[in-house]
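> here is the input, now give the coordinates:
(one chain, ligands or ions: 1)
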Amino acid sequence: MYVIIGVDIGTSGTKAIAYTREGAVIANTYVSYNPVDNPPGHHELDPEVLFNAVITSIEKTVQQVIKLAHKIEGISFSTAMHSLIAVDADGQPLTNVITWADARSAAYAEALKQSPAGHDIYRYTGTPVHPMSPLCKIMWLRDHQPQIFAAAHKFIGIKEFIFYRFFGKYLIDHSIAAATGLFDIYKKQWYEPALAAAGIASGRLSEPVPATYVVHGLNKTYAQQLGIDAGTSFVIGASDGCLANLGSNATKPGDLSVTIGTSGAVRMMATQPAWDKQERLFNYILTDELYVSGGAINNGVVLLKWYTEHFLQKQFASGDDLVAFVQQAAQAPAGADGLLFLPYIMGERAPVWDAGAKGVFLGIHAGHTQAHFMRAIIEGINYALYEVAASVEETVGPIQHIYASGGFIKSHLWLQWLTDVFGKEITVINNDDASAVGAALLGLQALDRPGRVSSPVIHSKQNYTPDAALHARYQRYYKVYAGLYIKLKDDFHTLNDIRS
Ligand SMILES: O=C(O)[C@H](O)[C@@H](O)[C@H](O)[C@H](O)CO
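Numbers count the residues shown, from 1 in each chain. Now for the predicted structure:
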């Protein structure tokens, strides 16, 4: 049987899956990594660690496929958005991979956001003006590391780095380009006013190609190492966010995908960008016909890791530790007996887009225990996504079905609590890594009929139904939650000033 390998290169690890045309995952490998040690507010990965993780995950998956006597018809890629690496003329990295979670360019984002150019940049590039975007990171490099800026032959992302090593070409798919803040999502070319703001010409960026673009001619050394033919088709693929919609079945108008991994997001597909006059939502590209609108939050499972390591003084790895965390939180009642958590410990993206926002526990009383704090954390993440979903509904259209994906789907309890907050049924299909499955599906389409996107084959389906009484209780708490940021915004910034 033929399989396609879908690779999802994330911020915490890389996953490769072997996917059949019948929609079964018959082999997979996950390689995790940690960010390099950095000052607070900076978040970087080592490009070599990342490259090796991609090699290892593909190599081990190929070995499993060969053992099962199957054949590989192609490899297709999903990657985290907004990453930046400056490379020299030989393709050697001059910087680490600066990830979406890096906030060093906050002051640049703030200034640009207030300017007329900033509003146009948001509108035409689809990327909110925020330190996550490569645009703001390049501005920061230009002023803070002028030697690196001058020596940089290209400014690229994770996938371009990998593809350059594999094929000797700098290629960027439209989906990842749409998350740079530098790409015109209507004309599908680099956007001059954004290039001017960054102080670069388009020649210092990669060549944009559609997500279904296929490359051949893998470097022989890597072909040997991976155990595949150098003629194997490599589909460039798209971004993890857009592909999570595809892999979790949220592909029709009215389908909302809710992802909670390290970070989180809600997204809806549309045939055109949904320009949000309040600039809360992104508009990314999946294929020539499909845009993905939505909002991402910074604070997902990263909060469980933070709380476990700092307060429970234990190691935390997603998976079993996540399930155990939620089980312990379940000792507290829904609503955590009046303990509310505004989860902005990493600053926040949608809907406030404020890198200086902070977290708050509100309503602490003597009856609260550790379990209440843990429950409040989960509920804070749920409210944050619910708030973003409301702006998607307002801008893109009514929500009809909700599909969940990401590491949190391992916890039935968490899925149920999220369902109760949303007050709408939530479905999880197949339990696989949605972005890797999305990459495989897009890959199959690219190899067969470029430009079209199919939906996953559904083998299993879990539906979660809301409890009306709990939804009503959450609604009362949510109203308090939704007023918190505005009340506290200035205080967060005053505290930041005092700290610095
Ligand atoms: O849609 C999404 O999921 C977000 O917009 C992205 O910014 C991700 O958070 C990022 O790619 C990390 O995986």
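> other SSEs contacting the longest helix belonging to the chain?
Across the chain, the longest stretch assigned as helix under DSSP state H is helix 468-499. Helix 468-499 makes packing contacts with strand 340-343, strand 359-362, helix 370-395, helix 412-422 when contacts are defined by 3 or more C-beta pairs under 8 Å, 6 or more residues apart in numbering; DSSP states H and E. Placement of C-beta: from N, CA and C, glycine included.
> what parts of the stretch 251-400 of the chain come near the ligand?
259, 263, 265, 267, 282, 296 (C-beta under 6 Å from any ligand atom).
> now the closest residue in space to residue 482 that isn't next to it in sequence: how far from residue 348?
Sequence neighbours aside, residue 387 is the residue nearest to residue 482 in space, at 6.1 Å (criterion: C-beta to C-beta, 6 or more residues apart in numbering). Distance of residue 387 to residue 348, computed by C-beta to C-beta, to the nearest Å: 10 Å.
> what of residue 86?
From residue 86 to residue 348 the distance is 27 Å (C-beta to C-beta).
> residue contacts, the closest residue in space to residue 169 that isn't next to it in sequence?
Of all residues not flanking residue 169 in the chain, residue 163 sits nearest, at 6.7 Å (C-beta to C-beta, 6+ apart). Neighbouring residues of residue 163 by C-beta atoms under 8 Å, 6 or more residues apart in numbering: 169, 170, 171, 215, 234, 236.
> how close does residue 163 get to residue 274?
30 Å.
> mean confidence score for the longest helix of the chain?
For helix 468-499, mean pLDDT is 97.
> now stretch 261-270
Stretch 261-270 comes out at a mean pLDDT of 95.
> was I right to think residue 445 contacts residue 212?
Yes. Look at residue 445 against residue 212 with C-beta atoms under 8 Å: they come within range, at 6.4 Å.
> comparing the two, which residue is more hemmed in?
With neighbours defined as other C-beta atoms under 10 Å, residue 445 and residue 212 compare such that residue 212 has more, 26 against 20.
> out of residue 387 and residue 348, which sits in the busier spot?
Taking other C-beta under 10 Å, residue 387 and residue 348 do not tie; residue 348 has more neighbours (24 against 20).
> contact partners for that one?
Counting by C-beta under 8 Å, 6+ apart, residue 348 has contacts 297, 298, 299, 354, 355, 357, 384.
> one more time with 10 Å
Each residue near residue 348 by C-beta atoms under 10 Å, 6 or more residues apart in numbering is listed here: 130, 296-299, 342, 354-359, 384, 485.
> quick one: the closest residue to the ligand within the chain and residue 460, what's the gap?
For the chain, the residue closest to the ligand is residue 241, as judged by C-beta to the nearest ligand atom, at 2.3 Å. For residue 241, the distance to residue 460 equals 24 Å [C-beta to C-beta].
> what's the answer for residue 424, then?
Separation of residue 424 from residue 460 (C-beta to C-beta) stands at 21 Å.
> between these two, who's got more neighbours?
residue 424 (17 against 9).
> wait, that one touches residue 467, no?
No. Between residue 424 and residue 467 there is no contact under C-beta atoms under 10 Å: 12.0 Å.
> in CSV, list the C-alpha atoms belonging to stretch 236-254.
This file holds the C-alpha atoms of stretch 236-254, laid out as CSV (Å, rounded to 0.1, in the frame of the first residue of the first chain):
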residue,chain,number,x,y,z
ILE,A,236,5.7,22.2,0.7
GLY,A,237,2.4,22.3,2.7
ALA,A,238,1.0,25.0,4.9
SER,A,239,1.0,26.4,8.4
ASP,A,240,0.0,24.3,11.5
GLY,A,241,-3.0,26.5,12.3
CYS,A,242,-4.6,26.3,8.8
LEU,A,243,-3.8,22.6,8.6
ALA,A,244,-5.4,21.9,12.0
ASN,A,245,-8.7,23.0,10.5
LEU,A,246,-8.3,20.6,7.6
GLY,A,247,-7.1,17.7,9.8
SER,A,248,-9.9,18.2,12.4
ASN,A,249,-12.6,18.4,9.7
ALA,A,250,-13.4,22.1,10.2
THR,A,251,-13.5,22.9,6.5
LYS,A,252,-17.0,24.2,5.7
PRO,A,253,-18.5,27.6,6.4
GLY,A,254,-19.8,27.6,10.0
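> residues of that stretch that come out buried?
By 16 or more other C-beta atoms under 10 Å, the buried positions in stretch 236-254 come out as 236-251.
> same check, this time on stretch 203-213
Buried residues in stretch 203-213, counted by 16+ other C-beta under 10 Å: 204, 205, 206, 208, 209, 210, 211, 212, 213.
> now the fourth one: how far from residue 39?
Remark: distance between residue 208 and residue 39 (C-beta to C-beta) = 33 Å.
> cool, the last one as well?
Residue 213 sits 38 Å away from residue 39, going by C-beta to C-beta.
> so which helix or strand takes in residue 441?
Element membership for residue 441, per DSSP states H and E: helix 434-448.
> and the helices in the stretch 201-350 of the chain?
Secondary structure of the stretch 201-350 of the chain (DSSP state H, counting those that start in this stretch): helices at 220-226, 240-248, 302-310, 320-329.
> dump the ones you listed into JSON lines; add mean pLDDT and distance to residue 498 as well.
What follows is the helices of the stretch 201-350 of the chain, written out as JSON lines (pLDDT from 0 to 100; distance: least, C-beta to C-beta, whole Å):
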{"stretch": "helix 220-226", "mean pLDDT": "97", "distance to residue 498": "51"}
{"stretch": "helix 240-248", "mean pLDDT": "96", "distance to residue 498": "35"}
{"stretch": "helix 302-310", "mean pLDDT": "96", "distance to residue 498": "22"}
{"stretch": "helix 320-329", "mean pLDDT": "97", "distance to residue 498": "32"}
